[in-house]
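**Student:** need a 3D model of the following:
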Amino acid sequence: MASFKIDLSTATVFVATAPEPKMANKKTGERAMDRETGAGLSTVGLLVSDEGEGNLYQVTVPETGVPEGLVPGTPVSVVGLKARDWENEFNGQKRHGIAFRAVAITAGA
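**Tutor:** Below you'll find the predicted structure:
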């Protein structure tokens, strides 16, 4: 599926929830891995404020692109943020949404 770049050049971005390991299988504890680099993936909640509107996004980032010490309230910059739509079927129910992925997050805006 196609992915789309997201321009954050006029936005203010803060950490909303600290990075957590992204799981491929929660039952077995298997961690999700980046298919290209083999790095473990993490999920970070980001509050993006732009043009008078604020939104919370769960963004997947390779652990190599997440600095230590990111805590809620930390202003950050996001490198290479993209959105991709997804759809799957589980137990006969179709689900769909938008997945957000970044190359890296850096502390300080």
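
**Student:** which residues of this structure score low on pLDDT?
**Tutor:** For the chain, residues meeting the criterion pLDDT under 70 lie at 1, 109.

**Student:** from the centre of the chain, point out the most distant residue.
**Tutor:** Ranked by distance from the centre of the chain (Cα atoms, centre = their mean), the top residue is G92, with 27.3 Å.

**Student:** and that residue, what are its phi and psi?
**Tutor:** Main-chain torsions, G92, degrees, to the nearest 10: phi 80, psi 0.

**Student:** K26 versus that one, what's the distance?
**Tutor:** 21 Å (Cβ to Cβ, to the nearest Å). Backbone N, C-alpha and C define where each C-beta goes, glycine included.

**Student:** show me the strands in this protein, by range?
**Tutor:** Secondary structure of the chain (DSSP state E): strands located at 3-5, 12-21, 23-25, 30-31, 41-50, 53-62, 76-79, 82-90, 93-101, 104-107.
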